[in-house]
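S.K.: Test case, fold it:
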Amino acid sequence: MQIAKKTKENNISEYVLYMYQIEDLIRANNLSLDTIVTTILKPQIQDESILDAYKVWYADLIKQMKIEGIQKKGHLSDLNEILMEMSLLHNTLINIIKEPKYLKVFEGALPSLKAFQAKSNAGDINLIEIGFNALYSKIILGLKKQSISEASNEAFKSIATMFGFLAAYYKKMKKGELDFANN
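M.R.: Numbers count the residues shown, from 1 in each chain. Below is the predicted model:
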C-alpha cells in the first residue's frame, strides 16, 4: 500500500508492474483476505495501525476484483485506465510531437516488443500492454529462478529503458508540465 502509493507518484511503470504482482498475489491466495493477512501481512508487519491499513487496502482490492470479474485474469480498471493513458501518451510522443529522445528509445525497443508479441500470441493488444507483459514475465522468470538468455536480457533492457522514458513523460504530463500544443 505505501509502496504502491510512493511508486505511483514516482514511476508509473514500476507501479503498474507492482500492481500486476499484487493482483497475482491476491489470486494466488484465492482472494482470501484472511489468508493474505495470516501468511503475508502479519509475519512482516508488527505495527497494528499499519497492519490495519494494509487489511483495508487488500480488502478494497479484493472487493474491486470481484466486482470487476477479474478473479482469474485481467487487470483492475484503475490499471487499465493508466495503461490507456500511457498508450495515448506513447502515441502522442511518437506520432504527433515526434519527441526525438523518446523516438530513439522506442525504435530501440520496437524489435523486442514485436518479438514478444509474436511469441506470446498477444494478438492486437497495444505495444504498451505488450511491454508490460514482457517486463512482468521477466519478474516471474526471476521469481522462479529460471535463467534468461543474454539476448532476452538485452530485449528486456530495451523495453525497460523505453518505459523509463515513458514514465518520466507521464509524470510531467500529470503535473501539467508537458506542452503538447507548442511542439
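
S.K.: switch to C-alpha atoms for all contacts and neighbour counts from now on
M.R.: Will do.

S.K.: In which helix or strand does Gln46 reside?
M.R.: Per DSSP states H and E, Gln46 falls between elements, in no helix or strand.

S.K.: For it, the count of nearby residues, please.
M.R.: Gln46 sits with 10 neighbouring residues when counted by other C-alpha atoms under 10 Å.

S.K.: ok, now how distant is it from Ile96?
M.R.: 51 Å (C-alpha to C-alpha, to the nearest Å).

S.K.: Show me the chain divided up by domain.
M.R.: Here the domain assignment for the chain is 2-67, 77-174, based on automatic domain parsing.

S.K.: quick one: the nearest residue to Tyr54 once chain neighbours are set aside and Ile128, what's the gap?
M.R.: Leaving aside its sequence neighbours, Tyr54 sits nearest to Met1 (C-alpha to C-alpha, 6 or more residues apart in numbering; 6.3 Å). Using C-alpha to C-alpha, we find Met1 at a distance of 24 Å from Ile128.

S.K.: Quick check: which helices or strands does the host helix or strand of Ile140 pack against?
M.R.: Element membership for Ile140 (DSSP H and E) is helix 127-143. Helix 127-143 is packed against helix 12-28, helix 77-91, helix 100-120, helix 150-174, with contacts defined by 3 or more C-alpha pairs under 8 Å, 6 or more residues apart in numbering; DSSP states H and E.

S.K.: Neighbours of Asp124, how many?
M.R.: When neighbours are defined as other C-alpha under 10 Å, Asp124 has 8 of them.

S.K.: Please report phi then psi for it.
M.R.: According to degrees, to the nearest 10, the main-chain angles of Asp124 amount to phi -110, psi 30.

S.K.: Pull up the per-residue confidence for it.
M.R.: For Asp124, the pLDDT comes out at 74.

S.K.: quick one: contacts for it?
M.R.: Listed by C-alpha atoms under 8 Å, 6 or more residues apart in numbering, Asp124 has no contact partners.

S.K.: Contacts for stretch 32-52, please.
M.R.: Here stretch 32-52 has contacts from Ile26, Asn29, Tyr54, Lys55, Tyr58, Ala59, Ile62, using C-alpha under 8 Å, 6+ apart.

S.K.: Now tell me which helix or strand of this protein has the poorest mean pLDDT.
M.R.: Lowest by mean pLDDT, DSSP states H and E among the helices and strands of the chain is helix 2-10, with a mean of 87.

S.K.: Can you mark which positions in that one are buried?
M.R.: Ala4, Thr7, Lys8 (16 or more other C-alpha atoms under 10 Å).

S.K.: Check stretch 64-73 too.
M.R.: Gln64, Met65, Ile70, Gln71.

S.K.: For my notes, please list those in a markdown table and give secondary structure, distance to Glu150 and pLDDT for each entry.
M.R.: Listed next are these as a markdown table, based on DSSP: H, G, I helix; E, B strand; the rest coil; distance: C-alpha to C-alpha, whole Å; pLDDT from 0 to 100:
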| residue | secondary structure | distance to Glu150 | pLDDT |
| --- | --- | --- | --- |
| Gln64 | helix | 39 | 97 |
| Met65 | helix | 37 | 97 |
| Ile70 | coil | 34 | 96 |
| Gln71 | coil | 35 | 96 |
